[in-house]
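Enquirer: Here you go, sequence then predicted model.
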Amino acid sequence: MGIISRGFSGRRSAEVVKLPPGQYLTTDFPVLSAGPTPHVALDQWEFTIDDGTNVLQRWNWKSFLELSTETFTVDLHCVTRWSKLGTSWEGVSLNTMFAGLKTDAQYVLAHSYGDYSTNLPLSELLNNQAWIAFRFDGKDLAPEHGGPARLLVPHLYLWKSAKWIRGITLMHEDHSGFWESLGYHNYGDPWREQRYWGD
Ligand SMILES: Nc1nc2c(c(=O)[nH]1)N[C@H]1C(S)=C(S)[C@@H](COP(=O)(O)O)O[C@H]1N2
Ligand SMILES: [Mo]
């Protein structure tokens with residue numbers, strides 16, 4: 001705790017409260033990618049939900065854009081300690097993409113074009129707190145930030161928000177994704193400062 005002290009006032013204190021422990025504010029939008037930016041032609045793009053054996057749902061770019069979209073404003077928190085507040089996006093809620101799909105799997109692996117992956121409990125994708133986002137700040141999402149479309153799970157550290165997302169695999173047992181297998185925290189709650197394994 002500590003940083004939410006008396007004596008701050010107005011706008012400043014509101015921003016301090018919105019900043020998880022150990023984070024600083026930035027107004028630019030840093031790019032953090034573990035490898036080169038994959039370029040996916042829109043007529044080749046697809047997004048699938050599978051159970052490890054069978055594809056349960058599949059969209060191409062056209063059918064994906066036919067889903068109902070939402071605009072939303074969220075704060076982003078990167079484990080490298082920058083936070084960016086009030087970012088505005090357009091995307092499809094994972095609730096919409098999972099509508100009509102029955103599963104008793106409790107975990108997912110989100111995987112990307114270019115091989116990045118990250119694991120999450122399925123419940124963190126549902127309840128209208130995660131989206132497949134394709135527009136940022138009123139413009140098509142730039143390739144370096146994950147365009148054509150990225151996962152956005154803003155209540156967890158940003159490494160969970162897989163750029164260039166290609167699909168979601170449902171799992172009955174938890175399996176580590178890319179950064180998780182290199183020592184990052186399995187869950188990654190910025191408010192509990194779950195940065196690394198053991199935090
Ligand atoms: N496919 C893919 N997604 C990724 C990454 C990556 O390297 N590859 N980096 C993650 C990390 S560590 C962060 S902080 C955010 C950065 O998103 P940005 O580059 O749009 O700021 O993307 C996350 N998603
Ligand atoms: Mo990150």
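Expert: Cool, the structure landed. Ligands and ions are numbered 1, 2, ... in the order given.

Enquirer: Residue 18 reaches residue 77, doesn't it?
Expert: No. Between residue 18 and residue 77 there is no contact under C-beta atoms under 8 Å: 9.7 Å. (Glycine included, C-beta is placed from N, CA and C.)

Enquirer: between the two, which one's more packed in?
Expert: Neighbour count, other C-beta atoms under 10 Å: between residue 18 and residue 77, residue 77 has more, with 25 against 14.

Enquirer: Between residue 18 and residue 77, which contacts overlap?
Expert: Common neighbours of residue 18 and residue 77, using C-beta atoms under 8 Å, 6 or more residues apart in numbering, are residue 83.

Enquirer: quick one: the strands in the protein?
Expert: Ranges of strands in the chain, per DSSP state E, are 24-25, 46-50, 55-60, 70-77, 82-93, 107-112, 117-121, 131-136, 139-140, 150-152, 165-171.

Enquirer: Please name whichever of the ones you listed is nearest to residue 195.
Expert: strand 70-77 (10.5 Å; C-beta to C-beta).

Enquirer: roughly how far is that closest one from the heart of the chain?
Expert: A distance of 10 Å separates the centroid of the chain from that of strand 70-77, by C-alpha atoms, centre = their mean, to the nearest Å.

Enquirer: In the chain, where is pLDDT below threshold?
Expert: Scanning the chain for pLDDT under 70 picks out the ranges 1-16.

Enquirer: how near is the most centrally placed residue in the chain to ligand 1?
Expert: Among the residues of the chain, the one closest to the centroid is residue 161, at 2.2 Å (C-alpha atoms, centre = their mean). Counting by C-beta to the nearest ligand atom, to the nearest Å, the gap between residue 161 and ligand 1 amounts to 5 Å.
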